[in-house]
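Chemist: here is a sequence together with a model predicted from it:
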Amino acid sequence: MTNPGYATTLPQAGNAPFWRGLKLSDHLYALFILAVAGVVFQRYHAAMDVYEHAILAGSALSLVALGWFWKPVRLFFPLAGLLALGGIALYGDDLSQGQTAFWLKYVLASQSAAMWMCVLFFLATAIYWVGLLRRSNTADAIASGLTWAAAGAAVVWFFVRWYEGYLIGPDVGHVPVSNLYEVFIMFCFITAMMYLYYEQRFATRRMGAFVLLIISAAVGFILWYTFDRQAHEIQPLIPALQSWWMKIHVPANFVGYGAFAMAAMLGVAQLLASRGILTSHLPSYETLGEVMYKAIAVGFLFFTIATILGAMWAADAWGGYWSWDPKETWALIVWLNYAAWLHVRLVKGWRGDILAWWSVVGLLVTTFAFLGVNMFLSGLHSYGTL
Amino acid sequence: MRRLSFGRALYELLSSMRFAISLLTLLAIASIIGTVLQQNQPYTSYAVEFGDFWFRPFEWLGLYDVYHAGWFIIMLGFLVGSTSLCIYRHLPGILRDIRSYREQAALKSLRAMAHQQEIALQLPVEGALTQAEQWLTAQGYRHKRVVRDEGVMLAAKKGSLQRLGYLFAHAAIVVICIGGLLDGNLPLKVQSLLGIKEVETRNTVPVSEIGEKSKLTPSNLSFRGVIDMPEGETRDVAWLNAGPGYYVQELPFSIKLNKFHVEHYSTGQPKLFASDIEVTSKASGTVTKGTVKVNHPLIVDGVAIYQSSFGDGGSPLKLAVWDWLGAAPKPQELAAVSLASQTFRWGSQPLTLEFGELRPFNIENLEAEPEISDFGRRMQDARQVKADKKVKNVGPSIQFKVRDAQGQAVEYLNYLSPFEDGGRFYLMSGMRRTVAAPFAFVRIPLDAEFSPQGFMQISAVLHDQAAWPEIARRTAAKAERDGAISPAYRKEFEQSLVWVLQRFADGGFTALQSFLDERVPKDKQEAVGQTYIKLLQGAVLDAADLSRQRAGLAPVEFSDSYYRFLMDSLVAVSASFDYGHGFYLQPVGFEERKSSGFQVTRSPGQPLVYLGSLLLVLGIFCMFYIRENRIWVWAQEGRLLLAFSSNRRDAQTEQEFAAHSAALSSLAGTHKEEHHD
């Protein structure tokens, strides 16, 4: 025992340089993502400007980083991507295939995938509730799997829809993050992925019932928007949106919105738990608070980035990085709200119901900034009107 | 109790988080006002909205431009001040923390920490510490060894950036606010308060007549103005809206608009707005040519030129003046320019024509309401991403007001291209008396030569009292020949015809209807009404023949389409009674001259704001995702103490402590479990 080999027997402290922990599968995944990005670049680089080249590179690296950081996506993205590729291959260069080819018509065409996503999210919500109420791990595992599948359907939707746009017309196609319908699907996807991460990270699936409720609400909106308003139709981009900024500003914003929505639902769970409702079914009060804090922290970071990107875009499009446009102003209000939330938690050490209430109110403020501004206030940022 | 001096107390208050949070809340609430009340509108519209009583106090409160109001700026100033004080207050401590290993920590205080553990040491002290150092280094810790009275102390730390993150994030707020202040209009506001500058409130004065007090020189540090100009023209000033009026900003260059481009997608949405411009520097004379598009500004001499709007720039128009009552063989021609006014005499009436915008495209959605009850169709629609929208460009239109000597105006919207409906062609003319009302459209049917001439001739005859007996005679003769009426009845029939024609000429179908309502019993109204319509339908054929005869033209062969033309003519004549004026201006040609609207800005604070933004993101990242951990290992012969602290207390803190504790127990040669407290 003079020289114990602690390095071999020690538990992982999570502090070692990350690359030491990478396995063969991590490298294969990275290789796969980079190869895909390479092929995309080789095929489409002429149609992109230099910023879009940078965005492609950045997306590939972010996907690699995400896969290394959170292992399950190493399987998820390639699988969903292959399905999307299958859909694209089935289309060829004929949009009408979507109504005739079996696999497209029922599974892989963007709208079919969107409908599958809706159904799977609804199912997952119901089964998470069964799991919560009956304390059934089996039900929870099934619900978790359904949530993964729904997120996969959203990925298929995204890439196939992107391709379909170009089939409608070379000047019509664009990345599907340009209107309210498209960003709502993005919201569902991002919120689900963030939830799945925390589910694994905190090794509890009992928060799903609450988080999936807000996703289901968004899915309800998507269905109404599709069937009543035909909002799913691909529209070409108006000049104000023809910019590479859109590709980064919108997704960054929705990481923020998704995180805030999730935090609010955890706040609801915490409030119920503190009143003795479902207390023994839910994870501990502290765990709920911890996940809520983590979600708000990551949401705040991304919301900050998104708002800055928005300001930089505005400097290109509206003649100034800040015009006190209602959208900008409400983004600032949302930002101030969560800045204050984080201050009182981190600096003042507040915990408990007050933060839970605050995060629920925060979601109302965020929802107004996201939807209310477009519906009730007029301004420059009128891209997502109902 | 310690007594604080006033200055000290103020410092404590301003740099406190309580104050900062209250300020953030106030700022948020104030910001909401500006989003609910539309900002920077013309003062007259606020006066109309709030009335005289509220307009003044709201103006005094600066509610029409909240974000530049004095009190708002002062609040921002307090935010900057409070944040700066907060940094100042915490900076020394943070720097000390970053440098220090806290190696002076007393054994007693280490033992009092939440995460600490004493382990029996079976190795010599030196060997154990060397291994502990290796472990800490491998874990990314920096460390320092000090020999203390009773043993040796290893003080280690990691994640000092966490504390820097705090500095970054708070300094970012200050930097961003200063950048924003540089780009704001504060200097201008101060100058106007001191009376050095003054807003110009007169609306239509040439630039040369605007006083120097309302002009800003090109050396102005920052500005954000607008320019509107027609194709082919040059401008060297921009307009800055300010409260009740504006300032004129002289630019360091002149801009010439060579051409403005608009493109549309096949679905009718706009695809491209772009202006080809030439910018000539006043100082050097260098010419920069470029195209400004939405999202693609052109930057010249530190001034960014943005595409912001477009419209009609005053296009020459050709119009044909048709008289609803007259039978001139040819319409009068009228030359005009859009967006301009001109006098016009109609009969003895002096009128003013105030032309509005010429719109070369009018894209209308012609899609019928979908059959919403059909579930299958809805499912079908939900699957398709491509919409077969029926949109159509209905062609150019011109809007104008006709104002009489009393100042009463009637507004018209006339289309140039014929509108097709069921194989028939019409010219559309909309009319309204108030701006809020929707346009009521008259469809003027076109004859076989695609001209309104045929209709106008019929209209003239129908209005001509002298023509009615002749029309009645011809119609009656035809009716008698066809056996529709008996010869005995003919005279009475002719009288009825003249009577109906007269009623119709008094006010169209409306006049006939009001006669029915007043004079005919309810149960007979429908039958009598039908009779009137039949009489009119018969008479209009002969009226048309007569009108052609008067114009020296041969009668038209009767056909279904001719009959429909005549029925449309009746409808149009009837509608002409509500048309407001006795003439119709048919647009027949135009030479489009577009105008483009630019925003020109100079914002020297932009790099600062971006720097601040970068600091902010870095700061937030460091604060949330870097943990500031400290470890103390104190070793004495036979004993080893591990103490651990982190700026976060959560599950990960426990995990990390467990890992360190396991590692040290393992190297000390003991099993951790035995000694865990």
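Modeler: Structure received.
Chemist: just checking, B:Ala28 touches A:Leu336?
Modeler: Yes. Using Cβ atoms under 8 Å, B:Ala28 makes contact with A:Leu336 at a distance of 4.8 Å. Yep, even glycine has a C-beta here, placed from its N, CA and C like the rest.
Chemist: what about the nearest residue to B:Pro316 once chain neighbours are set aside, neighbour count?
Modeler: Once flanking residues are discounted, B:Pro316 sits nearest to B:Glu591: 4.8 Å by Cβ to Cβ, 6 or more residues apart in numbering or on different chains. B:Glu591: 10 surrounding residues under other Cβ atoms under 10 Å in any protein chain shown.
Chemist: ok, residues contacting whichever strand or helix holds A:Ala80?
Modeler: A:Ala80 is part of helix A:73-91, with elements assigned from DSSP states H and E. Residues outside helix A:73-91 that contact it (Cβ atoms under 8 Å, 6 or more residues apart in numbering or on different chains): A:25-26, A:29, A:32-33, A:36, A:63, A:66-67, A:97-98, A:101, A:103-104, A:107-110, A:113, A:148, A:151-152, A:155-156, A:158-160, A:163-164, A:167, A:193.
Chemist: rerun at 7 Å
Modeler: Defining contact as Cβ atoms under 7 Å, 6 or more residues apart in numbering or on different chains, one finds that helix A:73-91 is touched by A:25-26, A:29, A:32, A:63, A:66-67, A:97-98, A:101, A:103-104, A:108-109, A:148, A:152, A:155-156, A:159-160, A:163, A:167.
Chemist: what are the bridge partners for B:Met431, then?
Modeler: Beta-bridge partners for B:Met431, by DSSP bridges, are B:Tyr412, B:Ala440.
Chemist: from chain A, how far out is it?
Modeler: From B:Met431 across to chain A, the span is 29 Å (Cβ to the nearest Cβ, to the nearest Å).
Chemist: tell me the pLDDT at that residue?
Modeler: Looking at B:Met431, its pLDDT is 94.
Chemist: and what of B:His68?
Modeler: pLDDT, read off for B:His68, is 83.
Chemist: that one and A:Ala311: what is the separation?
Modeler: B:His68 sits at a distance of 18 Å from A:Ala311 (criterion: Cβ to Cβ, to the nearest Å).
Chemist: do the same with A:Ala259
Modeler: According to Cβ to Cβ, A:Ala259 and A:Ala311 sit 20 Å apart.
Chemist: and the two? which has more neighbours close in?
Modeler: Higher neighbour count among A:Ala259 and A:Ala311: A:Ala259, with 27 against 22, using other Cβ under 10 Å.
Chemist: and that one, that's in a helix?
Modeler: Yes. Counting by DSSP: H, G, I helix; E, B strand; the rest coil, A:Ala259 falls inside a helix.
Chemist: so what's it up against?
Modeler: When the contact criterion is Cβ under 7 Å, 6+ apart, the partners of A:Ala259 are A:Met194, A:Ala295, A:Ile296, A:Val298, A:Gly299, A:Phe302.
Chemist: okay if I get the residues you listed as TSV plus distance to chain B?
Modeler: Output for these, formatted as TSV (distance: Cβ to the nearest Cβ, whole Å):
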residue	distance to chain B
A:Met194	15
A:Ala295	12
A:Ile296	10
A:Val298	8
A:Gly299	11
A:Phe302	10
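Chemist: closest to B:Ser309 out of the residues you listed?
Modeler: Each of these was checked against B:Ser309 using Cβ to Cβ; the closest is A:Phe302, at 33.2 Å.
Chemist: which secondary structure state is assigned to that closest one?
Modeler: When classified by three-state DSSP, A:Phe302 comes out as helix.
Chemist: name the element the nearest residue to it once chain neighbours are set aside belongs to?
Modeler: Nearest residue to A:Phe302 in three dimensions, chain neighbours excluded: A:Val255, at 3.8 Å (Cβ to Cβ, 6+ apart). Using DSSP H and E, A:Val255 sits within helix A:245-274.
Chemist: what mean pLDDT does that helix get?
Modeler: Computed over helix A:245-274, the average pLDDT equals 97.
Chemist: now it: how far from the chain's centre is it?
Modeler: Its chain's average C-alpha position is 9 Å from that of helix A:245-274, according to Cα atoms, centre = their mean, to the nearest Å.
Chemist: would you mark the buried spots in that helix?
Modeler: A:245-273 (16 or more other Cβ atoms under 10 Å in any protein chain shown).
Chemist: do stretch B:63-78 as well
Modeler: For stretch B:63-78, the neighbour count (16+ other Cβ under 10 Å) marks B:Leu63, B:Tyr64, B:Asp65, B:Val66, B:Tyr67, B:His68, B:Ala69, B:Phe72, B:Ile73, B:Met75, B:Leu76, B:Phe78 as buried.
Chemist: could you dump those residues to TSV with secondary structure?
Modeler: Shown next, in TSV, are those (three-state DSSP):
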residue	secondary structure
B:Leu63	helix
B:Tyr64	helix
B:Asp65	helix
B:Val66	helix
B:Tyr67	helix
B:His68	helix
B:Ala69	coil
B:Phe72	helix
B:Ile73	helix
B:Met75	helix
B:Leu76	helix
B:Phe78	helix
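Chemist: tell me which two of these sit farthest apart.
Modeler: The span of the buried residues of stretch B:63-78, defined through Cβ to Cβ, is set by B:Tyr64 and B:Phe78 at 22.8 Å.
Chemist: next, count neighbours for the nearest residue to B:Gln513 once chain neighbours are set aside.
Modeler: Leaving aside its chain neighbours, B:Gln513 sits nearest to B:Gly529 (7.6 Å; criterion: Cβ to Cβ, 6+ apart). Neighbour count of B:Gly529, defined by other Cβ under 10 Å: 16.
Chemist: what element comes up after the strand or helix carrying B:Gly529 heading to the C-terminus?
Modeler: Taking DSSP H and E as the criterion, B:Gly529 maps to helix B:522-550. Using DSSP H and E, the helix or strand that follows helix B:522-550 in sequence is helix B:560-576.
Chemist: quick one: average pLDDT of the helix holding B:Gly529?
Modeler: 88.
Chemist: got the angle for it vs helix B:560-576?
Modeler: Relative orientation of helix B:522-550 versus helix B:560-576 (axes from the mean of the first three to the mean of the last three Cα atoms, to 10 degrees): 110 degrees.
Chemist: residues in contact with residue 257?
Modeler: You didn't say which chain, so I picked chain A. A:Tyr257 sits next to A:Phe187, A:Thr366, A:Phe370 when contact means Cβ under 7 Å, 6+ apart.
Chemist: ah, no, chain B please
Modeler: B:Leu257 sits next to B:Met229, B:Glu231, B:Gly232, B:Glu233, B:Ser275, B:Ile277, B:Ser596 when contact means Cβ under 7 Å, 6+ apart.
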